[in-house]
Structure formats: C-alpha cells, structure tokens
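Chemist: the following block contains a protein sequence and its predicted model.
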Amino acid sequence: MSDTFDFIVVGAGPAGSALSARLAAAPSRPSVLLLEAGGSNDGIAHLSGAERFAVAFQPGSPLNWSYKTTPQRHLDNNQEIDYSRGKGLGGSTAINFCGWVVGPDEDYNEWDQLVDGRGRFAWSNVRRILKDKVERFHNDVPREYGKWFQPKPEDHGTTGAVDVSYQEDWFDICKDLFTAAEQTPGFDGVNPDVNSGDPIGMGIGTLCVYGGSRITSASAYGLHAPAENLTVVTDELIEKVIFEQQPGGSGESIAVGVRSVSGKEWCAIKEVVICGGAINTPQLLMLSGVGPREQLERHGIKVVNDLSQVGRNLQDHCFSTAGIVIKKRPGESELGPKKFASPMGWFKLPAVHASKEFQELPRETREFLERPHVPNWEIAALTPFFADTPLAEDEEVFSSMALIMNPQSRGTVTLQSTDPRQAPLIDPKFLTHPYDKRNAIESLREMLRYQQAPAWKAREVTRTIGWPAGTSYETSPDNMSDEALWSIVKSKVGSSWHMSGTCRMGAKGASKEDACVDSDFRVIGTRRLRVADMSIVPRVNNNHTQTTAYIIGELAAEQLIQEHGLSRLQRSTL
C-alpha cells in the first residue's frame, strides 16, 4: 500500500463514510484513504436492531468508546453520564437507536444565516442532498395507520445511499399512543410526516433499518468492499496531524499527513479531513497543536495554531424519563427491553415562552425559538427504560423520554492527557442554564399530562414510575410544584448522544476568536485541513443528529470536488 494519497479522511462515522465514498466516486478518481480507530464491524451481531443492547453497551465493547462525562455536580449524586460513541466502521451508526429524523427546515435556514447566507446549509439545499444522495425511503406504513401517517413522495428520496423505513413491529399499543396524542391539549395532534421539515406534533419516526438489519454508514456507502481508489484502514488510532510551515512566513501551517499511535505515517497531497465527531475531533486537533494556547501549553504540546474555540460550545439533548405500569390486554403484542418502536413528537411549550427565563434570553435567540417549526421539546415513547421494574404477569411498562430541544447550556471538551488512548474530559454542563432548567420542568409536566390521557386511563394504570414523590396517577401535573418536578429531573439525567458544536463553523473569513472552521469546512489559520462532522454545527439541530452528519459529509464532498476540480475525467496516461 502506498503511503501517499490525494485525500486522507480520519473517522468512518456517517460524515466520514459519505465524504470518502463520494470523493472516491468523483470522475477524476482521486486516491482516498479512510482511517478508522476501531475495527471493521463486519459481524452480524451489531446489525441486529435489538442486539445493540447486548453487544454495544457491555463493558469493554469493541463497538463503543464508552465515554463518561465529568461529574455533573449540580445534579444529584454528582452524576457521571454515559456518553457512548460508536467505534469502528460506521461509527455511532453501528450502535445508535437507528432514528432517522431530519429536523425543522428553520434549523437549516438559521445555520445558513449564521455562517454566510450563501444557501449551502439552507433547507432547500439540504432537502436536495437528502432526496438525491442520502435517503432511500421505503414507505411501508400499514393500512390501519394510514389515517395518521401520509408521507408525501416529494418530501423523500428513493435513490440515495441510506435505506430508511418505518418500524417493522407496529405494536398494538401504538394506536392508543396516537389516540392519546389527539386527546392531550398542547400536543398538536398527530403529524403525518415529522420529516417534512415541520416536525411539530406527535408522529412516527423512520429508522435506518431495512430487511431486518440496521443500516450503518459503512454498509450504506460500501466500505466493506470499497472502490479500488478508496483504501480503508481500520484499527489505527491517529495521534496527530502532521504540519509544515507555509513558505514565506505567513504563519499558516499546512497539513501534509497524519501519524497513528503505532508510528505509521500517511501523506496527503490535497487535503486532510477530520471526521471524528464532536468528542474525538477536538481532542485530535488539540493533540496536533491546534486549540487554546493555555491548554496546549499546560500539556506541553507545541502550539501550531492558537484556536481558542476548539473544544468549546458543546451542546447536546439531555432527557428525563417517566412511566406508567399498565395491564396487558389479551392477545396484544408485548413490549420489552429488546423491542423498539419509534413514536416520537416535537412540541412547543407556551409555559416556557411565557417564563422569565425565556424573556431573559437574547432577542435573536427568542426570535428563533418563536418560529413556527422550532420545538421546545421532544417526546420519545415506547422507550426501553425501567426494564428492571418488578411486574405481575399481566402488567407491562409504558415509558417515555422528555428531551430538551434548543439547549442554551454550553459545555467543553478538554484534554486529560497527551495520550490519544485516554479519553478527553467531557463536561456537557447539562441544565446549568436557567432556560434549560425551566424547559426540563415544563417538558416533564407536559409528558405526565400525556400519560394521563383518556386512552391510557382506559387501559387500567396500576402505578407510576419516575413521578414526583407524594403524587399518584390521579394527581394533576398542574398541581405539581416546580421543585417536585425538578427533583425528578435532576435525580437522573440522560444524554441522547447528540453532542455537537465543539469546532463550530463561522462565516468565510471568520476570526479565530469566533469559530474553528469557516463555511468551506476549512480549519481557520491552517491550509489543507478541514473538519466535517457534528462538531462544526453552530447550534445543535432539533433532530436525531446522525441525519445531519450524513448531510455534512455529502456537503463537504461537494465542496472538495468543486474546489479541486474533481468533476473532470482523469486523462489517460496511455
């Protein structure tokens, strides 16, 4: 194998997989090297939707970086929260919950305006990418659910790389679930397609599952049998980007290759692109000398590029959970910890918008949150929580999650060591912003209202789980104090693993004080070094972010193909 390639891509998650495959498929056929720290992930076990619980989340799993946050001292018991990240070909698409959620059109329009307004990240262009390149949509809604769900063909692609379908198991309880949404004030009824650009209302999410198997970015983009000009190397953890100084003393450093912990080096003729995600990308940049000067010097790392925003601006969707124990109905399909459906919805909360915490936000933030398609929170129903609850033979648990959208808390990723094998310090600072606390309280209150809908009461609820102390199923959430609801939230906070923003994007020509990369994915203050993954997102999307990561990879590929003239056919050397 040659040690020199036109392009080197580090990280084989959804963005890196899409980027490397599209570069290799360009008419000029450039040589592309895709480097991945984990293994090939080509076994069968991880492709089973249910077996991700048995494989990916066990101690020492080869599929999982198994990160934890730093102690969240403002939460009960100084919680160290699970921060799982996928490892190996496919990245987190090999271990996630397979949810395929695009998010609001206004998220993308806002992103575009925050960077340069050229339209690349606007909804109209993102929709083109999804339809033409990413999504292969299978509209397999059962007839009896057609009264609720009618996705329009013009909103979906059918020729993209990623198979997307609805859940295979439409549990009998789903009908009550959607009926309950119609009965709950503030739930805006049922949304016929939450992936249309308007997610508001209760809906059913699609999944990256087809034919009984999960679709990973590796399987979608053919990484297990790559094109001749795409070299895929696994089990090589990259410890640094190699730089040379630009002749003439302009101060910009040029990325010329990478080095792994095994001592191997590879050279890039055109570009090095880091696609490690919101945790590993800032870690690798800092280990390479690109990051906040004070942090680099503290660890004895030579400063190549003093870039203060690397590792800052960490955002994520955290959640709380609650449930009810209900009586089974004879002949009804059973729920269980290895079963997963995808009822989910996004909603606005008038109580949040009326709060002083909302009014104290900056004007531009309030204006964004007031846009009609921008939610305050998400509910994910039929989730596999409380699986250890003791149950009678005729009982089962209905649990759901309240996820905080548009979080205002900002966390950090910092170095713990100069050893790339040691995890960085990850501090999401969940719920430290007053707005997030208010949003969490009101989201939980709204979710408990939903669990009291007539459709659930008709099923005979025997008890509650995760409700405030001193309450019963008959207690109105309106009569639950903020303090009682907050006590539930802070007792057990979870992460949806939608971490974003740690190498945030700014406009072309943005200063080092404002951003890490420009709108062409270029690391500010360097040449031939790009970042293309969820770390670049200025504001975390109101969706399940694997979809955004695929979009980023495709957009970065288009940029590099255009910039390097790769659309021209390679001339024959004969």
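Modeler: Happy to help now that I have it.
Chemist: what about the stretch 251-400 of the chain, any weak spots by pLDDT?
Modeler: 331-341 (pLDDT under 70).
Chemist: break down it into its helices, ranges please.
Modeler: For the stretch 251-400 of the chain, applying DSSP state H, counting those that start in this stretch gives helices covering 277-287, 293-298, 350-353, 356-359, 363-369.
Chemist: deepest of these, which one?
Modeler: Comparing the helices of the stretch 251-400 of the chain by mean neighbour count (mean count of other CB atoms under 10 Å), helix 277-287 ranks first with a mean of 26. The C-beta positions use only the backbone N, C-alpha and C, and glycine is treated the same way.
Chemist: picking that back up, okay, the helices of the stretch 251-400 of the chain in a markdown table with distance to residue 552 next?
Modeler: Shown next, in a markdown table, are these (distance: least, CB to CB, whole Å):
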| stretch | distance to residue 552 |
| --- | --- |
| helix 277-287 | 11 |
| helix 293-298 | 26 |
| helix 350-353 | 29 |
| helix 356-359 | 30 |
| helix 363-369 | 21 |
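Chemist: and residue 546, which of these is closest to it?
Modeler: Nearest to residue 546, of all the helices of the stretch 251-400 of the chain, is helix 277-287, at 10.7 Å by CB to CB.
Chemist: what packs against that closest one?
Modeler: strand 238-245, strand 265-274, strand 412-414 (3 or more CB pairs under 8 Å, 6 or more residues apart in numbering; DSSP states H and E).
Chemist: CA atoms of it as CSV?
Modeler: What follows is helix 277-287, C-alpha atoms only, in CSV (Å, rounded to 0.1, in the frame of the first residue of the first chain):
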residue,chain,number,x,y,z
GLY,A,277,-17.2,13.7,15.8
ALA,A,278,-17.8,16.2,18.5
ILE,A,279,-15.6,14.5,21.1
ASN,A,280,-12.7,13.0,19.1
THR,A,281,-12.2,15.8,16.6
PRO,A,282,-11.4,18.5,19.1
GLN,A,283,-9.2,16.0,21.0
LEU,A,284,-7.2,15.2,17.9
LEU,A,285,-6.9,18.9,16.9
MET,A,286,-5.5,19.8,20.3
LEU,A,287,-3.1,16.8,20.3
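Chemist: now it: how far from the chain's centre is it?
Modeler: 16 Å (CA atoms, centre = their mean, to the nearest Å).
Chemist: kindly report the same for stretch 253-273.
Modeler: 27 Å.
Chemist: please apply the same query to stretch 180-193.
Modeler: Worked out by CA atoms, centre = their mean, stretch 180-193 lies 25 Å from the chain centre.
Chemist: again, but for stretch 430-448
Modeler: 20 Å.
Chemist: mind checking the pLDDT average for it?
Modeler: When pLDDT is averaged over stretch 430-448, the result is 99.
Chemist: just stretch 234-241 next, same as before
Modeler: 98.
Chemist: what are the contacting residues of it?
Modeler: Stretch 234-241 is contacted by residues 10, 12, 35-40, 88-89, 255, 257-262, 264, 272, 274, 284-285, 287-290, 420-421, 529 when judged by CB atoms under 8 Å, 6 or more residues apart in numbering.
Chemist: do the same with stretch 425-437
Modeler: 67-70, 72, 74-75, 81, 83, 279, 314, 316, 318, 352, 357-358, 360-361, 404, 407-416, 440, 486, 489-490, 493, 495, 499.
Chemist: let's go with 6 Å and repeat that
Modeler: 67, 69-70, 72, 83, 314, 316, 318, 357, 361, 404, 407-409, 411-414, 416, 440, 493 (CB atoms under 6 Å, 6 or more residues apart in numbering).
Chemist: buried sites along it?
Modeler: Neighbour-count burial for stretch 425-437 flags 426, 427, 428, 429, 430, 431, 432, 433, 434, 435, 436, 437 (criterion: 16 or more other CB atoms under 10 Å).
Chemist: with distance to residue 446 and secondary structure as added columns, please give these in CSV.
Modeler: CSV is the format used below for the buried residues of stretch 425-437 (distance: CB to CB, whole Å; DSSP: H, G, I helix; E, B strand; the rest coil):
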residue, distance to residue 446, secondary structure
426, 29, strand
427, 28, strand
428, 23, coil
429, 24, coil
430, 19, coil
431, 17, coil
432, 22, coil
433, 19, coil
434, 19, helix
435, 16, helix
436, 15, helix
437, 15, helix
